[in-house]
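A.B. asks: sequence? don't have it. structure:
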RNA sequence: GCGAUCGUAGCUCAGUUGGUUAGAGCGCCGGUUUGUGGUACCGGAGGUCGCGGGUUCGAACCCCGUCGAUCGCCCCA
């Protein structure tokens, strides 16, 4: 016997209740995005490597050590997408989607990152994603966040709060960054090893360090608010007042930053409240939905300056929070009591399904045990068939749908 | 990439200081019983103990490596 190959590390085979929860997340997302008139797009799973390296930033962890990149047979470097936004931006530019701006699009599918797998973190994982491209107004941020909020509500997820921050415009962000570097450099030796490294690479990240040594200095670090231009401040105010008007609850998170280079202005994450049920289910993965405004991204891909805002959420993480979902209830089980009734049973089954009844057939194994096996599938009704044909139904509740499906056939020629 | 814990039947797990032929429950298959909404009893199949080395008279158990999972760090969704 040849040996069965192992699945790739960090991939999952999803089945049963988990698969139902996964599908529920996707179906709910599809329904909600239509309410907000986000148009469906399908994107390639791989792109030229530069799409991601230029858009996301060479120095980010995602690009520098987490991408699945390879040379194709033509010698071109390609990469399995580690996120949606860069690919959508590329498509926007290469297809001339500017003509549709402001463009609201939504998609979902698999993404790939070479990371150490953990609970709620996989090498092939899945996200739902929503973007508004070509909209500079704070109203776009509000709409995008309102949709995210409604999605979580309709998924039945509770104990999750929108953490909101602004990174300011490009100038604000740079001034703040410089001030942070200065602030932390003065105490560099007392910071954690990780943060000493972050000081050079990504000083904003020091702000949400969990290390006790860093937290002392984070408290009195310069705040973005001190560096916001009047425009940036007005923008953020418009976003927050819009959220209030839309009834979206939020909390200001001054130290919330995003890991990717392209973010400007609004940055946000939906995070489980401390000690909540949701926090417990997610382990150390806290963010279930995150995003922000990325006004600078199109230029990094050689396009005209184009304001845009978007978010993505991990389907697996959301699925962990929606809890156990039953598979669709079996309405009618056709029980073939002996093989002489097989033809009649197949005909009956076909009528039921054509009539919209969820139906299955039990016709294998010992005739004497078929009834027990049928019962174990927990059908609402069992229809018994033998050599005489269909001869009886048992079960509780309304049988009208089943009767209608059967009769429909007998009255039509 | 770093640290910790773990890997025994399809699933959940026992397995004594290293000692005969590795067990249980559930599930699966069959028989008897029951005879129409989860009956009871009996029997059966199913495991190179993740994989590869090593120590030993002897390894599921000890050591090393490797693959995988889980938890934390990092990062992120």
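C.D. replies: Alright, I've got the coordinates. The structure presented is a predicted model; accordingly, all values stated were derived computationally and were not measured. Residues are numbered from 1 along each chain as shown, chains lettered A, B, ... in the order given.

A.B. asks: How about the contacts made by the closest residue to RNA strand B within chain A?
C.D. replies: When distances are taken as C-beta to the nearest atom of the strand, chain A reaches nearest to RNA strand B at residue A:259, 1.3 Å away. (C-beta placed from N, C-alpha, C; glycine too.) With contacts defined as C-beta atoms under 8 Å, 6 or more residues apart in numbering, the neighbours of residue A:259 are A:60, A:61, A:62, A:202, A:205.

A.B. asks: Quick one: neighbours of the fourth one, just the number.
C.D. replies: By the measure other C-beta atoms under 10 Å, the count of residues near residue A:202 is 18.

A.B. asks: so it sits right up against residue A:59, yeah?
C.D. replies: Yes: using C-beta atoms under 8 Å, residue A:202 makes contact with residue A:59 at a distance of 7.4 Å.

A.B. asks: hey, what's in contact with both of these two?
C.D. replies: Taking C-beta under 8 Å, 6+ apart as the contact rule, residue A:202 and residue A:59 touch no residue in common.

A.B. asks: circling back to that earlier point, so of the contacts of residue A:259, which two are at opposite extremes in space?
C.D. replies: In terms of C-beta to C-beta, these reach their longest pairwise distance at A:62 and A:205, which sit 13.2 Å apart.

A.B. asks: re the thing from before, and the contacts of residue A:259 as JSON lines, adding secondary structure?
C.D. replies: As requested, the contacts of residue A:259 are arranged in JSON lines below (DSSP: H, G, I helix; E, B strand; the rest coil):
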{"residue": "A:60", "secondary structure": "coil"}
{"residue": "A:61", "secondary structure": "helix"}
{"residue": "A:62", "secondary structure": "helix"}
{"residue": "A:202", "secondary structure": "coil"}
{"residue": "A:205", "secondary structure": "helix"}
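
A.B. asks: Report the buried members of those residues.
C.D. replies: When these are checked for burial by 16 or more other C-beta atoms under 10 Å, the buried set is A:60, A:61, A:62, A:202, A:205.

A.B. asks: Give me the contact status of stretch A:123-140 with RNA strand B.
C.D. replies: Yes: for stretch A:123-140, a contact with RNA strand B is found by C-beta under 7 Å from any atom of the strand, at A:125, A:127.

A.B. asks: Quick check: mean pLDDT of that stretch?
C.D. replies: Within the predicted structure, the mean pLDDT of stretch A:123-140 is 96.

A.B. asks: From the chain's centroid, how far away is that stretch?
C.D. replies: Distance, stretch centre to chain centre, for stretch A:123-140: 11 Å (C-alpha atoms, centre = their mean, to the nearest Å).

A.B. asks: Quote the end-to-end distance of that stretch.
C.D. replies: Taking C-alpha to C-alpha, to the nearest Å, the span from the opening residue of stretch A:123-140 to its closing residue is 32 Å.

A.B. asks: tell me the secondary structure for residue A:378?
C.D. replies: For residue A:378, the secondary-structure state derived from three-state DSSP is coil.

A.B. asks: Tell me the spacing between it and residue A:174.
C.D. replies: Plainly put, residue A:378 is 62 Å away from residue A:174 if you go by C-beta to C-beta, to the nearest Å.

A.B. asks: What pLDDT is listed against residue A:309?
C.D. replies: According to the prediction, residue A:309 has pLDDT 97.

A.B. asks: Kindly report the same for the one 10 residues further on.
C.D. replies: Among the per-residue scores, residue A:319 shows a pLDDT of 92.

A.B. asks: List the neighbours of stretch A:390-397 that are in contact with it.
C.D. replies: Contacts to stretch A:390-397, defined as C-beta under 8 Å, 6+ apart, come from residues A:344-345, A:348, A:379-385, A:399, A:402, A:406.

A.B. asks: Mind listing what's buried along that stretch?
C.D. replies: residue A:390.

A.B. asks: burial measure for residue A:173, as a count.
C.D. replies: So residue A:173, with other C-beta under 10 Å, has 22 neighbours.

A.B. asks: A helix includes it, no?
C.D. replies: Yes: assigned with three-state DSSP, residue A:173 falls within a helix.

A.B. asks: List the residues that contact the residue nearest to it when sequence neighbours are not counted.
C.D. replies: Nearest-residue entry for residue A:173: residue A:167, 5.0 Å, with adjacent residues in sequence omitted and distances by C-beta to C-beta, 6 or more residues apart in numbering. Residues in contact with residue A:167, defined by C-beta under 8 Å, 6+ apart, are A:173, A:176, A:204, A:224, A:257, A:258, A:263, A:264, A:265, A:266, A:267, A:292.

A.B. asks: check contacts around the fourth one.
C.D. replies: What that stands for is residue A:224. Neighbouring residues of residue A:224 by C-beta under 8 Å, 6+ apart: A:165, A:166, A:167, A:168, A:172, A:173, A:176, A:254.

A.B. asks: ok, 6 Å please
C.D. replies: When contacts are counted by C-beta atoms under 6 Å, 6 or more residues apart in numbering, residue A:224 is found next to A:168, A:176.
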